Each structure stands twice: as C-alpha cells, then as structure tokens.
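**Q** Pasting a predicted model and its sequence here:
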Amino acid sequence: MNDPVTISTGITYDRESIEKWLFSSKNNTCPVTKQVVSDPDLTPNHTLRRLLQAWCTLNASHGVERIPTPKPPVSKAEISKLLNDAARSPQSITKCLRRLRFIASESEANKRSMESVGAVDFLASVLLKGDTEQRAEALSVLYILQVSESSLQSLLGKESELIESLVKLIQRGTYESRAYAVMILRSMFEVADTMKMINLRPEFFCEVVQVLKDQISTQASKATLQLLIKVCPWGRNRIKAVEAGAVNVLIELLLDASPDRRTHEMAMMVLDMACSSAEGRAELLKHGAGLAVVSKKIMRISKVASERAVRILFSICKFSATSSVLQEMLQLGVVAKLCLVLQVDSGSKTKEKALDILKMHARTWKSSTCIPNNLISSYPS
C-alpha cells in the first residue's frame, strides 16, 4: 500500500487499486462490505500513510525503501479555472488542452475531477469548432479520460454533430487521431439508442471500414470490429457496411495469419452479419478466396469462429446456392469440412447447421468423389 485512501464505506484501500476497481472496472460497490459506494471521492488516510512511512524507515536496514509522500490530485477549482480561462481566451485553448492531457494522465482521481467540472463538454466543443491541432489534442484527452457511461450518453444527446466531426477526423487525421476517434466512437455506441444507430450515414461506414483496411494498430482494428458488431444489426447498416467494402476487407483480414484469436472471431461475426444480406453474400462469392477462407476457419480458431463460419455457409447454401457455387464448395473441400464437423465435438449449434447444409444439397454432393471415403460415412441420409 503506497497511497492509502478511505472511501465512503469507511474502508481504506491503496489508491491505485481502488481507483482501478471503481473507475476502470466500473464497479460501484465496496470490495469488503459489498455496500454501494455512494460518493466516488477518495479521502487520503494521512495517519496510515505516516505509519507506513515510519515502518519503512525502521526497516531500511533490511532493504525496505520508504514510500514517497504522494502528490495530491489536482483540485476541481484549478481545473475549472483552466476551462474558464480557455473559454474566455480562444488563443489559450491549445495550451489548456495540453495541460488537461497531463492532468488526466496523472491519476484516476484527476480524470473524475475533470469530468465532474465539465471537461467533457469543453472537449466536445473543441472537437466541433477547433482547428486541426486543437481537435487532435481534444481527441487524445477525451480518449485518456475514459469517460463514464452518463457522460457518453450526454455527448450523444447534446451534440448531434459530434459523430460527424469524429468521422472527419478518421478521414483526415493522423494515424493516432484516427485510432482515438474510432475507439471513442466504439465507446459512444455502446450506450447509444437504436435510432442513433439506424440513422448512421454511409460515410460513417466508409471511414470506419478504411481504418480496418489500413490496419493502423491492433487496438484500433479491434475497436473497429466491436463498433461494426454493435451497429450492423440495425436498419440497413449491414448493407451500408457491405457497400463500403467491408466484406473484401474482412476476407483480407482473415487471410492474414497474424491477428489473434479474438480478432478472427470478431471478423467472422461481422462477416456473418454482412452475409445475412444478399449484397453481402454476393460480395463474398465474388472474392476469389471468400468461400475458402470461411471454410478454413472451421475448427481452426475456436468454437465461436467455427459457429460463425458454418452460419455463413448456411446463408450461402440457403439463399445463394447456384450450381457453380455448389461445385466450388465441393472442389474447395468445404463439403468435406462440413462432414468432418459432424464427426468431432464442435458444438451442438454448429453440428445442427452443418447437418442442415448437407441435407439441403445431398443430391448434388452425396455421390461426389471429392468427399474422402473416411468422411462420406458421415454424410446424412
């Protein structure tokens, strides 16, 4: 324990640990008493800190280093003055933003103080009205703040143009700004209402898909996939995503062996959503590696990826199964892979879908020499 603080329930914790519990992990109860923490303010326990420091001094001969006296959090009054000065003097906005960034990066307590005195609204106004440099600075501060759900909802409710501003930053900003913008959009749409998602413009999907295509960073790619998973089920969004080139980008991502398991799973989830539309299925079939890469993910990544892959194949077989598509599936080993699914423990839902697909086109596939002898026995009658 380096910086003991007491919360509203009367229990003392190390500042870093309780801040992580309450703010980063979004818990609202005391770990010891399980009571709701009604007041998020943390009170320094100076008496305990001095006792700890005294113990460290007494045991210095045993190699124990004295814990330093922690720097107190920046006061709300100081942050308010900073915001008011920037509001009165536009020339000082950039300086204010840099100071806010430093304050936010120092501690969780500073972040919460900034949020409570209106820093989020100030940053939103800069994103809407500031110049290029100011917008980039405001974006980085907003990302570092990791604002609460209520503040995110407030942003969505009061600033209808904020989403457009973030999309423009994705379009024209640096790699860092583009990454920050897509991660903030991900957080905003986690708390957005349905109508906000239904009314998204095609430009939104064009820029978001471009972030995925450019592979700015692993974190940005994951945030983009999470964002698409959140918004694609609503309205015509899956078609807008397809028209923005999402299917081709996802296939290229899946062809790359470097992304981790979770990235592959999320890419398969978005591709599954896209293939629930005729436009998405057409794009998948148009791509030379579309069917092959989907089949390859079965029993290669995880049960989640396998389930999504089989779901995609089911959509293709039910709604887009021309004779040429069925023959291609035979030649690529897709049908053999589906027979293999029936033989192994791949999850009940996956097996059911695979069985339905094989029954659906039994006349075309069952007598084919493309299915190995050890798998033909699994073909359903």
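**A** Structure's in. What do you need?
**Q** Run through the stretch 151-300 of the chain and note the low-pLDDT ranges.
**A** 158-160 (pLDDT under 70).
**Q** quick one, helices of it?
**A** 162-172, 175-189, 194-198, 202-214, 218-231, 237-243, 246-255, 261-274, 278-286, 290-296 (DSSP state H, counting those that start in this stretch).
**Q** buried set for the fifth one?
**A** Counting neighbours by 16 or more other Cβ atoms under 10 Å, one finds that the buried residues in helix 218-231 are Ala220, Ser221, Lys222, Ala223, Thr224, Leu225, Gln226, Leu227, Leu228, Ile229, Lys230, Val231. The C-beta positions use only the backbone N, C-alpha and C, and glycine is treated the same way.
**Q** I'd like to know which elements the helix or strand hosting Leu340 is packed against.
**A** Here Leu340 sits within helix 334-343, counting by DSSP states H and E. With contacts taken as 3 or more Cβ pairs under 8 Å, 6 or more residues apart in numbering; DSSP states H and E, helix 334-343 sits against helix 290-296, helix 303-319, helix 348-360, helix 373-376.
**Q** Helix 278-286 and the longest one, what's the angle between them?
**A** Translated: helix 303-319. 100 degrees (axes from the mean of the first three to the mean of the last three Cα atoms, to 10 degrees).
**Q** Rounded mean pLDDT for helix 303-319, please.
**A** Mean pLDDT, helix 303-319: 94.
**Q** what's the answer for the third one, then?
**A** Per-residue confidence for helix 348-360 averages out to 86 on the pLDDT scale.
**Q** how far off helix 334-343 does it point, in degrees?
**A** Here helix 348-360 points in a direction 130 degrees away from that of helix 334-343 (the same axes, to 10 degrees).
**Q** Alpha carbons of the helix or strand that helix 348-360 is followed by, as PDB, please.
**A** Counting by DSSP H and E, the next helix or strand C-terminal to helix 348-360 is helix 362-365. C-alpha atoms of helix 362-365 as PDB (Å, rounded to 0.1, in the frame of the first residue of the first chain):
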ATOM      1  CA  ALA A 362     -27.500 -34.000 -50.700                       C
ATOM      2  CA  ARG A 363     -28.500 -34.700 -54.400                       C
ATOM      3  CA  THR A 364     -25.600 -32.600 -55.600                       C
ATOM      4  CA  TRP A 365     -22.900 -33.600 -53.100                       C
END
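**Q** Show me what helix 362-365 is packed up against.
**A** On a contact count with 3+ Cβ pairs under 8 Å, 6+ apart, helix 362-365 meets helix 323-331.
**Q** ok, residues contacting the helix it packs on?
**A** For helix 323-331, the surrounding residues in contact (Cβ atoms under 8 Å, 6 or more residues apart in numbering) are 285, 291, 295, 313, 316-317, 334-335, 361, 364-365, 368, 370-371.
**Q** Check which residues of that helix are buried.
**A** Buried-residue list, helix 323-331, by 16+ other Cβ under 10 Å: Val325, Leu326, Met329, Leu330.
**Q** Need the residues that contact stretch 118-132.
**A** With Cβ under 8 Å, 6+ apart, stretch 118-132 has contacts from 79-80, 83, 86-87, 93, 97, 100, 114, 134-135, 137-139, 141-142, 145, 147, 151, 154-155, 158-159, 161-162, 165-166, 169, 172.
**Q** now those residues: which count as buried?
**A** Taking 16+ other Cβ under 10 Å as the criterion, what is buried in the contacts of stretch 118-132 is 79-80, 83, 86, 93, 97, 100, 114, 134-135, 137-139, 141-142, 145, 147, 151, 154-155, 159, 162, 165-166, 169.
**Q** Show me those residues that map onto strands.
**A** Nothing among those maps onto strands, per DSSP state E.
**Q** still on that earlier bit, and the helices and strands packed on helix 334-343 as CSV, adding mean neighbour count?
**A** Converted to CSV, those look like this (neighbours: other Cβ atoms under 10 Å):
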stretch, mean neighbour count
helix 290-296, 21
helix 303-319, 22
helix 348-360, 18
helix 373-376, 13
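**Q** Which one of these lies nearest to Lys196?
**A** Shortest distance between Lys196 and these, using Cβ to Cβ, is found for helix 303-319: 26.3 Å.
**Q** Now do the closest one against helix 246-255, angle only.
**A** Interaxial angle, helix 303-319 versus helix 246-255 (the same axes, to 10 degrees): 140 degrees.
**Q** can I get the helices and strands packed on helix 334-343 in JSON lines with distance to Val36?
**A** Formatted as JSON lines, these follow (distance: least, Cβ to Cβ, whole Å):
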{"stretch": "helix 290-296", "distance to Val36": "47"}
{"stretch": "helix 303-319", "distance to Val36": "34"}
{"stretch": "helix 348-360", "distance to Val36": "38"}
{"stretch": "helix 373-376", "distance to Val36": "57"}
